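Asks: The amino acid sequence is not available; the structure is as follows:
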């Protein structure tokens with residue numbers, strides 16, 4: 001039979017004739033050039049939905065997430081870091097407790113352990129107010145000093161009054177980080193002397209002599225920094241006084257206070273040799 005005989009059972013071609021050749025009967029596996037084959041005219045395999053995505057590549061199983069913070073450290077380093085944090089937390093808690101009891105009113109703890117609290121707080125962590133009962137200072141107190149100097153000719157010369165508190169105020173004014181010495185050294189020394197001396201300026205108890213020595217060393221050190229006094233001669237004696245002026249009340253207050261200054265003048269103190277050398281240094 002002729003190879004071109006029609007197959008009555010073959011599918012009709014596009015033209016509807018019954019003599020269409022069976023697909024792929026004479027063409028090769030790839031079909032005729034440009035024709036439909038196993039991949040179809042659009043390059044999509046026959047019997048495959050063009051809209052369906054290709055099979056994704058198999059994903060590898062996720063590994064364990066890396067640790068963070070202390071968990072990322074080795075066990076022994078984790079123990080060391082945890083111990084250090086515990087020590088810091090304990091010291092911080094003790095410090096806060098000590099400062100709290102130093103500011104709180106008198107209670108059972110401060111009566112039994114007051115010395116331990118003071119030893120921890122003073123002088124580095126001292127506070128100038130009391131918890132629950134603030135009492136701000138309502139006076140301006142200036143500490144002033146004058147000196148007697150022995151000149152090269154043997155004469156004794158007395159200087160004018162120098163305002164040491166004003167010098168500290170000028171060093172603090174506009175300074176974002178003033179030192180503890182500029183803020184508290186002279187003020188605390190004068191407060192210490194006032195609480196250990198009577199109204200007659202005589203020392204009361206053994207701490208009175210210590211407070212005098214403390215104030216005298218401070219003023220000698222300040223005078224030793226003054227170039228004019230250093231050129232004038234040798235420092236022989238010093239005298240300290242305070243000038244106290246009440247703070248003017250606000251305009252809305254009916255309180256009336258005196259604005260006249262009040263002076264407290266201490267006797268002359270003789271400067272010893274070791275204090276002069278310390279002031280020169």
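Replies: Okay, I see it. These numbers were taken from a predicted model, which means no experiment stands behind them.
Asks: neighbours around residue 222, how many?
Replies: 19 (other CB atoms under 10 Å). To be clear about C-beta, it is placed using only N, CA and C from the backbone, and glycine gets the same treatment.
Asks: wait, residue 208
Replies: Residue 208, neighbours per other CB under 10 Å, totals 18.
Asks: what does residue 85 give?
Replies: Neighbours of residue 85 under the rule other CB under 10 Å: 11.
Asks: now the residue most central in space within the chain, what's its secondary structure?
Replies: Nearest residue to the geometric centre of the chain (CA atoms, centre = their mean): residue 177, 12.4 Å. With DSSP: H, G, I helix; E, B strand; the rest coil as the basis, residue 177 sits in coil.
Asks: Return the backbone torsion pair for it.
Replies: Taking degrees, to the nearest 10, you get phi -130, psi 70 for the backbone angles of residue 177.
Asks: contacting residues around it?
Replies: Not one residue lies near residue 177 by CB atoms under 8 Å, 6 or more residues apart in numbering.
Asks: quick one: buried residues of the one helix or strand residue 83 maps to?
Replies: Assessed by DSSP states H and E, residue 83 sits inside helix 75-103. Neighbour counts over helix 75-103 (16 or more other CB atoms under 10 Å) mark 98, 99, 101, 102 as buried.
Asks: now do stretch 210-217
Replies: Those would be 211, 212, 214, 215, 216, 217, for stretch 210-217 by 16+ other CB under 10 Å.
Asks: Next step: the residues you listed restricted to helices.
Replies: The helices, defined by DSSP state H, take in 211, 212, 214, 215, 216, 217 from the buried residues of stretch 210-217.
Asks: does the fourth one really touch residue 191, like I thought?
Replies: No - taking contacts as CB atoms under 8 Å, residue 215 lies outside contact range of residue 191: 10.5 Å.
Asks: ok, and the closest non-adjacent residue to residue 150?
Replies: Closest residue in space to residue 150, ignoring its immediate chain neighbours: residue 234 at 4.6 Å, by CB to CB, 6 or more residues apart in numbering.
Asks: Pass me the low-pLDDT residue ranges in this structure, would you?
Replies: 1-70, 130-131, 133-135, 276-281 (pLDDT under 70).
Asks: Repeat the analysis, applying 80 as the threshold.
Replies: Low-confidence segments of the chain, defined by pLDDT under 80: 1-73, 123, 127-137, 273-281.
Asks: ranges for the helices of this structure?
Replies: Going by DSSP H, the chain shows helices at 75-103, 108-121, 164-172, 180, 186-195, 206-224, 227-232, 273-280.
Asks: So for residue 144, which of the ones you listed sits nearest?
Replies: Smallest distance to residue 144 across the helices of the chain (CB to CB): 6.5 Å, for helix 164-172.
Asks: what about the residue nearest to residue 150, neighbour count?
Replies: Residue 234 has 13 nearby residues by other CB under 10 Å.
Asks: who touches the residue lying closest to residue 246 once chain neighbours are set aside in this structure?
Replies: Closest residue in space to residue 246, ignoring its immediate chain neighbours: residue 257 at 4.4 Å, by CB to CB, 6+ apart. Going by CB under 8 Å, 6+ apart, residue 257 touches 246, 247, 248, 249.
Asks: ok, the residues you listed vs residue 91, which is closest?
Replies: Of the contacts of residue 257, the one sitting nearest to residue 91 (CB to CB) turns out to be residue 247, at 39.3 Å.
Asks: For that closest one, which non-adjacent residue is spatially closest?
Replies: In space, and not counting its chain neighbours, residue 247 is closest to residue 138: 5.0 Å by CB to CB, 6+ apart.
Asks: Ramachandran coordinates for the one you found?
Replies: phi -110, psi 20.
Asks: Now for residue 214: which residues touch it?
Replies: Per CB under 8 Å, 6+ apart, neighbours of residue 214: 189, 192, 193.
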